[in-house]
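Visitor: sharing a sequence plus its predicted fold:
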Amino acid sequence: MAVRPHFQRLVDRVRNLAPLPAAVVYPCDSDSLQIALSGQFAGYLAPVLVGPEARITDAAAQAGLDLSRIERVDTPDEPFAAAQRAAELAKNGDVRALIKGSLYPDDLMRAVATPESGLRGERRLTHAFFVDVPGFARPFILSDALLNIAPTLAAKRDIVQNAIDFAHALGIATPLVAVLSAVEGVTPALPSTADAAALAKMALQGIITGGVVDGPLTADSALSASAARANGVESKVAGAADVLIAPGLEAGALLLRAVSGMFGALAAGVTLGAKVPVVLFGRGESMEVRMAACVLASLVAQAPQAAGVASEARPESAPRPTVRVAA
């Protein structure tokens, strides 16, 4: 197994915290039940299984798992009904995180995103990955490579602020944020370059707070000091970025899959912008990634500002988008 020194430091912090009360939503397969049991055994989670009792019991029996020490909340045998019940538990403060079970991500996010859930913060829902690349000197955060497909400038502002608050929750006091594009100058041919420059200006004006933001920067300049020098980039962020902001979901997902597939990086993430962190797992996600995401959720839950519930007002011109989750 790959050594994960950066992630291990987060694990050491979580071991000093109380177990996180978390709803595992519609856990009707062995993987979902195993994450609840493993999280409880490790001391990271105080799980609550929210879903149809009969189906959960049958899945546990087939997998040979003992659920006798885990709390359960029975719901109708319908994924969205389980998601709504879990959202209600979060709204009432009975749980402090939501973890996807064997339902589709859209069902869980629809229950969270609806205004009636009471879980929406001032910002939109975004997603951030913590990425630990073997042999690389430091970890980095990548956002948004899962939820916001083609974000507007207003959406990117929320993506950046949520990512900064996430970095704070992970112990980075003043994160250095690189807003990525394909080139490092502003050009009309690439609208993302103008967005990046605007986001950097927002940080200087105090519209985005808590971090140092620069862009547009290419990924190599953001992560490598030697590449930044070769590219002629002079910036406090270049070569030292803690946070990478993708220009869109497609670019972010490509970067994430490249570092994971080529270098064996650990990439685990949390959905931000709600009043509790939401953990979404992709198909075939390893148990290592699932456990890592639960550790991240525990850290976020201890720092409410990281969940995007800060009190600054949303501009009147920025309506809430419809949340979509990439397959």
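Guide: Great, that's in hand.

Visitor: how far away is the nearest residue to Ser298 once chain neighbours are set aside from Leu296?
Guide: Excluding the flanking residues, the one nearest Ser298 by CB to CB, 6 or more residues apart in numbering is Leu20, at 4.3 Å. In short, each C-beta sits where N, CA and C put it, glycine included. In this view, Leu20 and Leu296 are 10 Å apart by CB to CB, to the nearest Å.

Visitor: what of Leu17?
Guide: Using CB to CB, Leu17 is found at 12 Å from Leu296.

Visitor: swap in Gly261?
Guide: 21 Å.

Visitor: thinking again about what came up before, and Leu17 and Leu296? Which one has more around it.
Guide: Under the criterion of other CB atoms under 10 Å, the comparison of Leu17 against Leu296 puts Leu296 first, with 26 against 14.

Visitor: my guess is the more buried one contacts Asp132. True?
Guide: No. Proximity of Leu296 to Asp132 does not meet the contact threshold set by CB atoms under 8 Å, at 11.3 Å.

Visitor: run a quick neighbour tally on Ala137.
Guide: By the criterion of other CB under 10 Å, Ala137 has 8 neighbours.

Visitor: to clarify, my last question referred to Gly39.
Guide: The burial count assigned to Gly39 is 24, neighbours taken as other CB under 10 Å.

Visitor: could you find the closest non-adjacent residue to it?
Guide: Gly39 sits nearest to Leu45 (CB to CB, 6+ apart), 3.2 Å away.

Visitor: ok, the one you found - contacts?
Guide: Pro19, Leu20, Pro21, Ala22, Ala36, Gly39, Cys294, Ser298 (CB atoms under 8 Å, 6 or more residues apart in numbering).

Visitor: any idea what it is bridged to?
Guide: Counting by DSSP bridges, Leu45 forms beta bridges with Leu20.

Visitor: could you report the distance from it to Gly93?
Guide: Look at Leu45 and Gly93: by CB to CB, they are 17 Å apart.
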